[in-house]
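**Q** when you get a sec, could you give me coordinates for this:
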Amino acid sequence: MIIACPACTTRYAVPDTAIGVEGRTVRCAKCRHSWFQDGPVLVPPPAPPASVPEPVAAAPTPAPEPEPAPAAVEAGLAEPEPPIAQVSAPPPLAEEPPAEREYVSAPTDYDDDYSSFAYEPPFRVRRNPARMWMIAASLFAVVSLSAIGVVAWYGLPDWVPLARPTFAEAQAGLVLEFPPNRQDRRTLPNGTEFFGASGTIRNVGREARTVPSLLIVLRDARERIVYSWEVAPPKRSLAPGESVTVNEAVTDVPKSAKFAEIGWKPG
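**A** Model (predicted):
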């Protein structure tokens, strides 16, 4: 039988046994609309035909006698016409069996919890590679600009492997005077390495200056830093023309230390 969806008019060819005589609830596979389909109308089988008597075989008809040949034929003046050959009719062609018709069965699984008003997405979202790359580039630009701003404001962290200046820049109006002849390095009687340095910090400007901390660095023969320490000045502020003397000594210095450098400690 042929059934049609009342909602989208999609037609289905289903066997009668799928619906049954009493009918059943079906659902459209296209629009998923459900309705009750009545069963097929039963048609009574046709009555058997009455018996037909077998035909009686007719008597064979005698063949007609050949007509006598004309006198010209008997005299040998003309040849008799050849008899016409009878062509038998070809046997009837065998009828091909009708092709089997494919039936599309209506969906038989009916879910009582399904609602035709439930929301379903009309289509699946397709991925756009160009849009994804554009979003990734935008995020990278935002992160890069943020990192540049942080470095510009706070500076590079200590763990970044970049070359850093050993000493801070020269202080305006302040002069360090630590001559090499006032640096003393020797070994004490108990075998301890001793290093001492003495110098002067002078304010040569016309205004009072704040004195930052000093940094003493010991280097080996390859000019690598092997030891360093911070020195706080005896006086944190110097008036114009004023100076202060710094005397500093440290023990347990590395034996590889060859010379010392003295400068302002980096901020």
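**Q** what about the longest strand in the protein?
**A** strand 193-203 (DSSP state E).
**Q** got a list of what residue 2 touches?
**A** Residues counted as contacts of residue 2 (CB atoms under 8 Å, 6 or more residues apart in numbering) are 11-14. Placement of C-beta: from N, CA and C, glycine included.
**Q** so what's it bridging to?
**A** Beta-bridge pairing for residue 2 (DSSP bridges): residue 13.
**Q** pretty sure residue 4 contacts residue 14?
**A** No. Applying CB atoms under 8 Å as the test, residue 4 and residue 14 come out as separate, 11.1 Å apart.
**Q** give me the more crowded residue out of these two.
**A** residue 14 (18 against 13; other CB atoms under 10 Å).
**Q** and the more buried one, how far from residue 36?
**A** From residue 14 across to residue 36, the span is 14 Å (CB to CB, to the nearest Å).
**Q** likewise residue 254?
**A** Residue 254 is 99 Å from residue 36, where distance means CB to CB.
**Q** which one of these two is surrounded by more residues?
**A** Neighbours per residue, other CB under 10 Å: of residue 254 and residue 36, the larger number sits with residue 254, 11 against 8.
**Q** for that one, list the residues it contacts.
**A** Counting by CB under 8 Å, 6+ apart, residue 254 touches 193, 218, 220, 226-227.
**Q** which one of those is nearest to residue 135?
**A** Nearest to residue 135, judged by CB to CB, of those is residue 226 at 51.4 Å.
**Q** give the buried residues for the helix or strand where residue 218 lies.
**A** According to DSSP states H and E, residue 218 maps onto strand 214-219. Across strand 214-219, burial judged by 16 or more other CB atoms under 10 Å covers 214-219.
**Q** can I get the CA coordinates of that strand in PDB?
**A** Presented in PDB, the C-alpha positions along strand 214-219 are these (Å, rounded to 0.1, in the frame of the first residue of the first chain):
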ATOM      1  CA  LEU A 214      78.700  50.200  45.800                       C
ATOM      2  CA  LEU A 215      79.400  46.800  44.200                       C
ATOM      3  CA  ILE A 216      82.900  45.200  44.400                       C
ATOM      4  CA  VAL A 217      83.500  42.500  41.800                       C
ATOM      5  CA  LEU A 218      86.400  40.000  41.700                       C
ATOM      6  CA  ARG A 219      87.400  38.500  38.400                       C
END
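**Q** parallel or antiparallel, which strands does that strand pair with?
**A** Under the criterion DSSP bridges, strand 214-219 sits next to strand 225-231 (antiparallel), strand 259-264 (antiparallel) in its sheet.
**Q** average pLDDT for that strand, rounded please.
**A** The average pLDDT for strand 214-219 rounds to 90.
**Q** next one: stretch 46-57
**A** In this model, stretch 46-57 carries a mean pLDDT of 62.
**Q** which ones are touching residue 241?
**A** Listed by CB under 8 Å, 6+ apart, the contact partners of residue 241 are 203-204.
**Q** tell me the SS of it?
**A** coil (DSSP: H, G, I helix; E, B strand; the rest coil).
**Q** which ones are touching the residue nearest to residue 256 when sequence neighbours are not counted?
**A** Distance criterion CB to CB, 6 or more residues apart in numbering; nearest residue to residue 256, sequence neighbours excluded, is residue 220 at 4.3 Å. By CB under 8 Å, 6+ apart, the contact list for residue 220 reads 226, 254, 256-258.
**Q** closest to residue 265 out of these?
**A** For the contacts of residue 220, the residue nearest residue 265 by CB to CB is residue 226; the value is 17.8 Å.
**Q** from residue 221, how far out is residue 252?
**A** Going from residue 252 to residue 221 by CB to CB gives 20 Å.
**Q** might you list the low-confidence residue ranges for the stretch 151-267 of the chain?
**A** Within the stretch 151-267 of the chain, the ranges that satisfy pLDDT under 70 run 155-163.
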